[in-house]
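In: turn this into a structure:
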Amino acid sequence: MTGNDVWKQRAGDVTSVMLDRFYDKKHGGFFFTEAGAPDMIVRQKTASDSPLPSGNAVAAMVLMELGMHPQAQATLSLYAEQMREYGEGMSSLVQAALLSVQKFGAWDTASVAPRSEARASVEKRAADVVSVSVEWHTPRQLWVWLDIAEHFHLNAHDAAAAGIDLVATRLTIADAPEGTELDYPPAPARRFAFAEQPLRVYEGRVKIVVNFPDGGSLPLPLQLNLTYQACSDHACLAPVTTHLQLESR
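Out: Residues are numbered from 1 along each chain as shown. So this is what the prediction gives:
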């Protein structure tokens, strides 16, 4: 900020439009598109950095500069859990949180945006893009189906091989018998503007096969945990972990 009142006023005017068109008054944070934008399956909120800092991080910093700390806090609080789990891909938002603490002191994120409500909002948007179902193919083989909405993709299970901080699609099974094997499908390579090399991603309908070892009984119910991040060509939703419990075969 230059301290010039004219520019501060103009910045305030632009920020007012930003708040009116993109701010989520219920949960905090800013959507990537306006409410009336056509052909949108889901209104995304971007928190991860690409070649540019995430929009929510920049918005939070601007709000703090203009003295609108409550809205900045609500935005930072919405992503507090994601920053703790995936901070390496959200460095701009982490920087915004640090600036907030330095300027205004620490605060309880739950008092600004209750964790249960904020988390439910994040998971609801992810569920609108990716639906998960399971099918016993044989008594010892389980199929986990991911149906990904058009215009979205998930990073492949081996996304880390690209050398970029990406949230890989990963399935884990609590208390799985020793010898349980997961077979992820091959992922085609696609080019994106933010990456120098092609990235392997899942699109459309994807099947993950779980092979349990022969012999002995399975420890039912089974707890399946699926972590993924849904992205379009332009932005990503926050990473989520979906939990499924299988009571019987």
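In: okay, now the unreliable bits of the chain?
Out: Counting by pLDDT under 70, the ranges of the chain that qualify are 1-3, 37-42, 110-123, 160-165, 194, 248.
In: in the chain, which spans are helices?
Out: 5-22, 55-65, 69-78, 80-86, 91-104, 109-112, 115-129 (DSSP state H).
In: how is this structure divided into domains?
Out: 5-113, 124-246 (automatic domain parsing).
In: can I get the ones you listed in CSV including mean neighbour count?
Out: From N, CA and C alone the C-beta is placed, and that goes for glycine too. Listed next are those as CSV, based on neighbours: other CB atoms under 10 Å:
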stretch, mean neighbour count
domain 5-113, 17
domain 124-246, 16
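In: hmm, back to that, would you turn the helices of the chain into JSON lines with distance to Ala168?
Out: Shown next, in JSON lines, are these (distance: least, CB to CB, whole Å):
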{"stretch": "helix 5-22", "distance to Ala168": "29"}
{"stretch": "helix 55-65", "distance to Ala168": "23"}
{"stretch": "helix 69-78", "distance to Ala168": "23"}
{"stretch": "helix 80-86", "distance to Ala168": "11"}
{"stretch": "helix 91-104", "distance to Ala168": "19"}
{"stretch": "helix 109-112", "distance to Ala168": "26"}
{"stretch": "helix 115-129", "distance to Ala168": "15"}
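In: of all those, which lies closest to Gly179?
Out: Gly179 lies closest, by CB to CB, to one member of the helices of the chain: helix 80-86, at 29.2 Å.
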